[in-house]
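Peer 1: please work out how this folds:
(one chain, ligands or ions: 1)
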Amino acid sequence: MAVFTSCKRLGDMQGVSPPSTVSAMTSKHMKALVFNLRYEAQGVISVELRPAEDGVEFPRVEAGAHIDLHLSNGLIRSYSLTNPGESRRYVIAVLKDKNSRGGSSHIHEQLRIGQTLQISTPRNHFALDETASHSVLVAGGIGITPIYSMLQRLRDLGRSAELIYCARSRAEAAYLESIEALMTSAQGHPPPWR
Ligand SMILES: Cc1cc2nc3c(=O)[nH]c(=O)nc-3n(C[C@H](O)[C@H](O)[C@H](O)COP(=O)(O)OP(=O)(O)OC[C@H]3O[C@@H](n4cnc5c(N)ncnc54)[C@H](O)[C@@H]3O)c2cc1C
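Peer 2: Numbers count the residues shown, from 1 in each chain. Purely as a prediction, here's the structure:
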């Protein structure tokens, strides 16, 4: 069954910057402030979370890691972190599921800037092999979130990578512009699309 109507190859990438350190992760809860909400694509918003208490930092984000959001309606849902290397904020992107039983719909309809919520510390069940000489990343739809994180990490490590990103339409493809800019900056010229 064909799920996606378009599939673009985003070309090869060679990064330039030095690596960042990887944090140790334990499974605890933290209080987070909803610092920003942003439209990312049709049906997708990003949520920027910051520590709710002064002087506190989150564990540093690893590419591929996710956190659990403890929503005020009692539901717990997992979301991949999209900003590797950072510890002052976590950024997730959430697709509003048309058949949501209350997780993504709650985030889209009820979550507001200034609210606080409990989140778990990150766990990484999808760790990136940072030693590979070349990485081929494949993402479909909202599955781009951990892949986008990996792409940024590989760019920072100066590794070679290519991305195949499938989406129903460009309008529904989250982070497309950022990825194109990342690819362009990594290569020094526009990516060869095909
Ligand atoms: C590690 C991890 C990372 C994730 N990262 C992201 C991310 O970055 N962005 C993101 O948007 N999502 C991510 N998810 C998915 C996210 O956790 C939620 O599952 C998603 O937001 C849907 O939650 P919901 O409550 O809206 O939908 P739910 O109510 O959980 O429903 C989800 C889907 O399952 C179907 N469904 C419900 N009940 C049944 C049933 N009994 N039988 C069959 N089908 C059923 C529904 O029709 C619906 O289509 C991630 C999940 C994991 C585990």
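Peer 1: report pLDDT for the residue lying closest to residue 32 once chain neighbours are set aside.
Peer 2: Nearest non-adjacent residue to residue 32, counting by CB to CB, 6 or more residues apart in numbering: residue 49, 4.0 Å away. C-beta here means a position set from N, CA and C on the backbone, and glycine is covered the same way. For residue 49, the pLDDT comes out at 98.
Peer 1: partner strands of the helix or strand where residue 49 lies, parallel or antiparallel?
Peer 2: Element membership for residue 49 (DSSP states H and E) is strand 44-51. Note on strand 44-51: by DSSP bridges, its sheet partners are strand 29-41 (antiparallel), strand 90-95 (antiparallel).
Peer 1: tell me which of those is the most buried.
Peer 2: Of all these, strand 90-95 has the most neighbours on average by mean count of other CB atoms under 10 Å, namely a mean of 23.
Peer 1: model confidence over that strand, on average?
Peer 2: 98.
Peer 1: in three-state terms, label the residue sitting nearest the centre point of the chain for me.
Peer 2: Nearest to the mean C-alpha position of the chain, counting by CA atoms, centre = their mean, stands residue 82 at 2.4 Å. Of the three states, residue 82 takes coil according to DSSP: H, G, I helix; E, B strand; the rest coil.
Peer 1: now do the contacts for it.
Peer 2: Counting by CB atoms under 8 Å, 6 or more residues apart in numbering, residue 82 touches 46, 91-93, 145, 148-149, 175.
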